[in-house]
Structure formats: C-alpha cells, structure tokens
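Enquirer: model this:
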Amino acid sequence: MEKYIQVPYTKEEAVNLKAGDMVYLSGTIYTARDAAHKRMAEALNKGEELPFDLKGNVIYYMGPSPAREGRPIGSAGPTTASRMDKYTPELLDLGLAGMIGKGKRSEAVKEAIVRNSAVYFAAIGGAGALLSKAIVSSEVIAYDDLGTEAIRKLTVKDFPAIVVIDSNGDNLYESAVLTYRK
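Expert: Predicted coordinates:
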C-alpha cells in the first residue's frame, strides 16, 4: 500500500504504517551516521541537549556526495543501518519516530521500535542520485567538522521509502523471505 506521510509525524500515524508499505515522506528529516551518533551519545552522557529535537522526527543514515551546481545536495543514498544499532534504542526512547537506512537491525533496535511505536524504513541502496531528487534543501546544523557525517536538516518532498520494521515488530526482511520460500 502507498502512503504519503508528513514528517515529523505522531505515534498514532506510525502505528498505521505496516511492514511492506511504500511510503513517501515530505517535510523535515535529519541525516546522521556513525560519527554523528557517537557525538550525540557523548552529548547525552554529559547531560547536554542534542542538536535537534528527536520527538516525531526521522534520522536518515546517509552521507551525501558534494552538491552539483544548482542542486541542494549530491547523491544521497542510504548507508548500512546496523552500524548505528548501539545508539538507536536510547534515541528511540527519547522520542525518535523513525530511521531510514538499509539492511537488518538488531533485536534490541526492533524491541525499541515496538516499545516506542516507531518505524524503520529502507531506502534503495545504489539509487542515491534518484533519491537526491526528492531533497528540496539541505543545511548542516551540527558537527560541521565531520564533513559528510555532519548532521544535516533536509527538506524532502515525496522521499520514497519502504517500511521494513513496523511498530508491531513485523519485519519485511523476515516475512518476505518466508513468502518467497512458499
């Protein structure tokens, strides 16, 4: 089923998303990869505030290539989500509503997704140039010294993603394999 979602979104909206749904996100999402997640964890350990409010927001695990002339961003494909797994449960518990990446997630992340009525989306790896067309604007908001791993605030319009793990814990990566084997 295709769904159009405005981000940030509420937990009530998240529970209506099901594993396998094709979703088009519009609004604001944030980028963060390994180094940014480490910095956010360090900030939380020091009792400091994060560079953006997690509540209802989505983090895209992506490090863009340089923008071409006239474009807000270069190629913007997803990176492997499992690299952020050690940080993700805490961020979900603090209000993060979703993540976009590629690949499987740990059981701890899946449990935190269910506990917090969140969603894990996948974007198509290798389609970074196509995905960048859904990005209207890009602005570095924190950790500029990290280069491509800095946190960016993106404005997106109909950014395509697939619900992989829904708020019930249903996992498309697992159910699709079972369906295929039949």
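Enquirer: Could you list every helix and strand in contact with the lengthiest strand in the chain?
Expert: In the chain, with assignment by DSSP state E, the single longest strand is strand 151-165. If contacts are counted by 3 or more C-beta pairs under 8 Å, 6 or more residues apart in numbering; DSSP states H and E, strand 151-165 sits against strand 22-31, helix 107-115, strand 119-122, strand 135-142, helix 172-181. Glycine gets a C-beta too; all of them are placed from N, C-alpha and C.
Enquirer: Which of these sits closest to R68?
Expert: Closest of the helices and strands packed on strand 151-165 to R68 is strand 135-142, at 12.2 Å (criterion: C-beta to C-beta).
Enquirer: now the closest one, how far from the chain's geometric center?
Expert: Strand 135-142 sits 15 Å away from the centroid of its parent chain (C-alpha atoms, centre = their mean, to the nearest Å).
Enquirer: Residues in contact with that strand: which ones?
Expert: By C-beta atoms under 8 Å, 6 or more residues apart in numbering, the list of residues contacting strand 135-142 from outside reads 30, 36, 39, 51-52, 64, 67, 72-73, 76, 150-157, 159.
Enquirer: List buried members of the residues you listed by neighbour count.
Expert: Buried subset of those (neighbour count, 16 or more other C-beta atoms under 10 Å): 30, 36, 39, 51-52, 64, 72-73, 76, 150-156, 159.
Enquirer: which residues does the nearest residue to Y4 once chain neighbours are set aside contact?
Expert: Closest residue to Y4 apart from its sequence neighbours, by C-beta to C-beta, 6 or more residues apart in numbering: Y24 at 4.9 Å. Y24 sits next to 2-5, 158-161 when contact means C-beta under 8 Å, 6+ apart.
Enquirer: Just want to check the distance between Y24 and Y120.
Expert: 17 Å (C-beta to C-beta, to the nearest Å).
Enquirer: do A32 as well
Expert: 15 Å.
Enquirer: angle of the longest helix belonging to the chain against strand 135-142?
Expert: Criterion DSSP state H: the longest helix present in the chain is helix 34-45. On the basis of axes from the mean of the first three to the mean of the last three C-alpha atoms, to 10 degrees, helix 34-45 is oriented at 50 degrees to strand 135-142.
Enquirer: avg pLDDT for helix 34-45?
Expert: On average, the pLDDT along helix 34-45 is 97.
Enquirer: Report the buried residues of it.
Expert: Across helix 34-45, burial judged by 16+ other C-beta under 10 Å covers 34-40.
Enquirer: Report all helices and strands that it contacts.
Expert: Using 3+ C-beta pairs under 8 Å, 6+ apart, helix 34-45 sits against helix 88-93.
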